[in-house]
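Visitor: need a 3D model of the following:
(2 chains)
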There are 2 protein chains.
Amino acid sequence: MRFTAHINVMPLKELLDPQGKAVSNSLHNLGLTGVQNVRVGKHITLQLEAASKADAEISAHEACKKLLANQVMEGFEFTITEG
Amino acid sequence: MRFTAHINVMPLKELLDPQGKAVSNSLHNLGLTGVQNVRVGKHITLQLEAASKADAEISAHEACKKLLANQVMEGFEFTITEG
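Guide: Prediction:
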């Protein structure tokens, strides 16, 4: 069966996010003054061939741990959908 | 009221995504051979002060159009949650 994994990799809450800070300042300069706590990470979608949704979750978790997220600085979460 | 916007900015489907292709190759080399169609984009979270959820959506849309997404190459989608 084919599944799609929707993965978010975000900088850990405890760490400064300079890119988010820069985006926040730029949004203020554009007039969006109500914006705060901007954090910028990665969104990754990928398709997986797997026997079951549980197997797809194991593969997605492995992909995050081995390659997609640097767990010293980043956390990850994902959802799996069919198709 | 305070809202949180969860924004995904992804390369348009019609365009090549070299970063996604590189990730795909790396995952294959790591043994995850069932992976394909990898696409890599940005995930941005930000907090907004707005009078209503509709107002928060307008602000988030403006932020995407004016700064976060390059609409020549990228599409965006977002969800708004309270808090």
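Visitor: which parts of chain A are helices?
Guide: Under the criterion DSSP state H, chain A carries helices at the ranges A:18-29, A:53-63.
Visitor: neighbours of A:Q19, how many?
Guide: 15 (other C-beta atoms under 10 Å in any protein chain shown). (Each C-beta comes from the backbone N, C-alpha and C, glycine too.)
Visitor: how about it, nearest residue that isn't a chain neighbour?
Guide: A:V40 (4.4 Å; C-beta to C-beta, 6 or more residues apart in numbering or on different chains).
Visitor: wait, the one you found sits on A:G20?
Guide: Yes: when contacts are counted by C-beta atoms under 8 Å, A:V40 is listed as touching A:G20 (4.8 Å).
Visitor: quickly list what's touching both of the two.
Guide: In the contact map built from C-beta atoms under 8 Å, 6 or more residues apart in numbering or on different chains, the residues linked to both A:V40 and A:G20 are A:11, B:44.
Visitor: more crowded one of these two?
Guide: For A:V40 and A:G20, the more surrounded residue by other C-beta under 10 Å is A:V40, and the numbers stand at 22 against 19.
Visitor: okay, and the beta partners of the more buried one?
Guide: A:V40 forms beta bridges with B:I44, as assigned by DSSP bridges.
Visitor: also A:L48?
Guide: Using DSSP bridges, the bridge partners assigned to A:L48 are A:F3, B:V35.
Visitor: A:I58 is in contact with that one, correct?
Guide: No: under the criterion of C-beta under 8 Å, A:L48 makes no contact with A:I58, lying 9.9 Å away.
Visitor: pick out whichever of those two has more residues nearby.
Guide: Counted by other C-beta under 10 Å, A:L48 and A:I58 do not tie: A:L48 has more neighbours, with 24 against 13.
Visitor: for the residue at the greatest distance from the centre of chain A, give its distance to B:E62.
Guide: Of all residues in chain A, A:G31 sits farthest from the chain's C-alpha centroid, using C-alpha atoms, centre = their mean; the distance is 27.3 Å. Plainly put, A:G31 is 8 Å away from B:E62 if you go by C-beta to C-beta, to the nearest Å.
Visitor: try A:L12
Guide: Going from A:L12 to B:E62 by C-beta to C-beta gives 29 Å.
Visitor: again with A:G34
Guide: As defined by C-beta to C-beta, A:G34 lies at a distance of 11 Å from B:E62.
Visitor: who's more crowded, those two?
Guide: A count of neighbours by other C-beta under 10 Å puts A:G34 above the other of A:G34 and B:E62, at 18 against 15.
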